[in-house]
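Peer 1: Show me how the following folds:
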Amino acid sequence: MQNILALIYSSEFDEKNYDTLCKYRPDYMLPFGCRYRVIDFTLSNITNHNISSVILYGGEPLRSTLDHVGDGRNWELNRRSGGLTISPPIYNKSRASNEIETYYNTMKHFIDTKREYIYITNPMYITKVDISDAYQQMLEESRDALIFTQKKNDEYGYYLNRRIINTEGENPKSVGINLGLEEEINLFTGSLLIKKDLFIDLLRYSIEKNNATTILDALFKYPKDKSIGLYKSKESLKVIMDTLTYFETSLALLDRDYFDEVFYKQGMVYTKSKDEPSTEYLKGSKVRNSLVANGALIEGEIENSIIFRGVTVKKGAVIKNSIIFQNSEIGEGVILNHVITDKDTKIHNDIKLFGNRTHPFLTEKGEHVN
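Peer 2: Residues are numbered from 1 along each chain as shown. Modelled structure (predicted):
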């Protein structure tokens with residue numbers, strides 16, 4: 001789909017919600033599934049639908065984004081025409097710019113591009129939405145904009161405080177916040193497909209009137225006639241918005257059906273390649289229902305956990321219901337349950353760390369626990 005420019009922008013969720021996990025990286029750069037980053041799923045889904053022009057609006061600190069994503073070669077986005085552009089964070093009078101201001105400050109991209117449609121997506125929504133099908137629906141219905149939603153029965157309030165689309169019949173009328181008043185909601189799934197000309201008009205109008213901070217708000221506040229439709233996706237959806245949802249979504253990968261759906265159905269997931277030797281399992285090691293990446297050395301016991309590249313688990317260590325980031329070292333006799341260790345963590349011998357399902361214990365990057 002060479003007629004689409006894709007924008008990747010993550011600002012909906014406060015990075016303070018991730019405790020220390022986002023101290024050294026933006027939220028979309030969180031490690032995920034042994035050897036991936038959250039951003040890999042969005043970049044892969046975009047390129048799997050043959051979109052070759054992408055702008056990634058980077059978050060602070062930017063170094064991890066440049067190191068991992070680079071020129072986009074792992075997603076075949078290192079092109080002379082189109083390809084990947086990483087836009088650094090933009091500040092307005094010592095504060096981070098909101099979504100409308102961010103797009104407006106990069107207006108030249110939209111004016112210069114020959115592509116007639118813009119696909120906007122938030123990478124913290126883990127889903128493989130069918131962009132090609134949505135584009136076809138937009139053409140068939142002659143829409144100016146298409147909002148991606150899912151019908152959800154939210155009896156238990158899992159999607160409280162998330163954005164929803166209010167409708168009259170099948171027509172979207174406004175964007176709201178789910179307060180739990182209705183059991184069935186039209187959950188906004190983080191993506192929008194819009195005509196370029198309307199997109200530019202929304203930015204100019206919103207800046208002039210100062211009446212919107214997000215593109216979704218701007219769409220409904222724009223007074224001129226426009227045809228807005230809903231694209232009702234059916235793919236599995238997980239939303240990462242804080243430490244708890246990151247922990248739950250990561251451990252959900254231990255379910256074989258969900259793992260296969262996320263990584264293999266509707267296109268592969270690509271990431272930065274690294275040459276690592278196979279993981280070595282020494283005598284006495286035990287691993288049950290876990291994901292273990294290459295380059296690890298396992299002597300201890302692991303259950304219901306995710307182990308990233310280059311991790312060492314020494315003799316007598318027991319790890320349960322935990323996520324161990326790259327190059328961490330778990331000493332002899334250590335016991336971990338409901339723990340997330342950030343990259344390069346070293347936990348010395350006989351230390352015992354316990355969290356719980358809703359509040360996992362966290363270590364900082366490079367921390368030594370003794």
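
Peer 1: so how far is stretch 237-246 off the chain centroid?
Peer 2: Relative to its parent chain, stretch 237-246 has a centroid offset of 9 Å by CA atoms, centre = their mean, to the nearest Å.

Peer 1: cool, and stretch 88-100?
Peer 2: 20 Å.

Peer 1: Could you list the buried residues of stretch 21-29?
Peer 2: Residues of stretch 21-29 classed as buried: L21, C22, R25, P26, D27, Y28, M29 (neighbour count, 16 or more other CB atoms under 10 Å). C-beta here means a position set from N, CA and C on the backbone, and glycine is covered the same way.

Peer 1: hang on, I meant stretch 223-231
Peer 2: By 16+ other CB under 10 Å, the buried positions in stretch 223-231 come out as K226, I228, G229, L230, Y231.

Peer 1: Check stretch 272-284 too.
Peer 2: Neighbour-count burial for stretch 272-284 [16+ other CB under 10 Å]: T279, Y281.

Peer 1: Check what pLDDT the residue of the chain most remote from its centre gets.
Peer 2: Relative to the centre of the chain, and counting by CA atoms, centre = their mean, the farthest-placed residue is K283 at 37.7 Å. If you check K283, the pLDDT there is 93.

Peer 1: L193 now?
Peer 2: pLDDT, read off for L193, is 98.

Peer 1: quick one: what helix or strand has it in it?
Peer 2: In this structure, L193 sits in strand 184-195 according to DSSP states H and E.

Peer 1: who's in contact with the helix or strand just after that strand?
Peer 2: Sequence-wise, the next helix or strand downstream of strand 184-195 (DSSP H and E) is helix 196-209. Around helix 196-209, the neighbours that count as contacts under CB atoms under 8 Å, 6 or more residues apart in numbering are 5, 100-101, 103-104, 107, 110-111, 113, 115-118, 144-145, 194, 212, 215, 218-219, 221-222, 224, 226.

Peer 1: What average pLDDT does helix 196-209 get?
Peer 2: Per-residue pLDDT over helix 196-209 has a mean of 97.

Peer 1: what mean pLDDT does the helix or strand following it have?
Peer 2: Scanning forward in sequence from helix 196-209 by DSSP H and E, the next helix or strand is helix 215-221. What helix 215-221 shows for mean pLDDT is 96.

Peer 1: Check which helices and strands helix 215-221 sits against.
Peer 2: Counting contacts by 3 or more CB pairs under 8 Å, 6 or more residues apart in numbering; DSSP states H and E, helix 215-221 packs against helix 99-104, strand 145-153, strand 171-177, strand 184-195, helix 196-209.

Peer 1: which other helices and strands contact whichever helix or strand comes after the first one?
Peer 2: Once helix 99-104 ends, the next helix or strand along the chain (criterion: DSSP H and E) is helix 107-112. Applying 3+ CB pairs under 8 Å, 6+ apart, we find helix 107-112 packed against helix 196-209.

Peer 1: Extract the CA atoms of the helix it packs on and return them as PDB.
Peer 2: The C-alpha coordinates for helix 196-209 follow below in PDB (Å, rounded to 0.1, in the frame of the first residue of the first chain):
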ATOM      1  CA  LYS A 196      -4.000  13.400   4.200                       C
ATOM      2  CA  ASP A 197      -5.800  16.600   3.200                       C
ATOM      3  CA  LEU A 198      -8.300  16.300   6.100                       C
ATOM      4  CA  PHE A 199      -5.400  15.500   8.500                       C
ATOM      5  CA  ILE A 200      -3.600  18.700   7.500                       C
ATOM      6  CA  ASP A 201      -6.800  20.700   7.900                       C
ATOM      7  CA  LEU A 202      -7.300  19.200  11.400                       C
ATOM      8  CA  LEU A 203      -3.800  20.200  12.500                       C
ATOM      9  CA  ARG A 204      -4.200  23.800  11.200                       C
ATOM     10  CA  TYR A 205      -7.700  24.300  12.700                       C
ATOM     11  CA  SER A 206      -6.700  22.800  16.100                       C
ATOM     12  CA  ILE A 207      -3.600  24.900  16.400                       C
ATOM     13  CA  GLU A 208      -5.500  28.100  15.500                       C
ATOM     14  CA  LYS A 209      -8.500  27.400  17.800                       C
END
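
Peer 1: For that helix, buried residues please.
Peer 2: So, applying 16+ other CB under 10 Å, buried residues of helix 196-209: K196, L198, F199, I200, L202, L203, Y205, S206, I207.

Peer 1: again with stretch 252-271
Peer 2: In terms of neighbour count (16+ other CB under 10 Å), stretch 252-271 has its buried residues at L253, V262, F263, V269, Y270, T271.

Peer 1: Tell me the backbone dihedrals of the first one, please.
Peer 2: L253 has phi and psi values of phi -70, psi -20 when expressed as degrees, to the nearest 10.

Peer 1: Pull the contacting residues for it.
Peer 2: Each residue near L253 by CB under 8 Å, 6+ apart is listed here: G33, F259, V262, L291, I306.

Peer 1: Select from these every entry located in helices.
Peer 2: Residues of the contacts of L253 located in helices (DSSP state H): F259, V262.

Peer 1: thinking again about what came up before, elements contacting the strand holding L193?
Peer 2: Secondary-structure packing of strand 184-195 (3+ CB pairs under 8 Å, 6+ apart): strand 117-121, strand 125-126, helix 131-141, strand 145-153, strand 163-168, helix 215-221.

Peer 1: How about the most centrally placed residue in the chain: what's its closest non-neighbour residue?
Peer 2: Nearest residue to the geometric centre of the chain (CA atoms, centre = their mean): M124, 2.8 Å. Spatial nearest neighbour of M124, excluding adjacent residues (CB to CB, 6 or more residues apart in numbering): I240 at 4.8 Å.

Peer 1: Could you do S233 as well?
Peer 2: Closest residue in space to S233, ignoring its immediate chain neighbours: V129 at 4.8 Å, by CB to CB, 6+ apart.

Peer 1: Alright, calling it a day.
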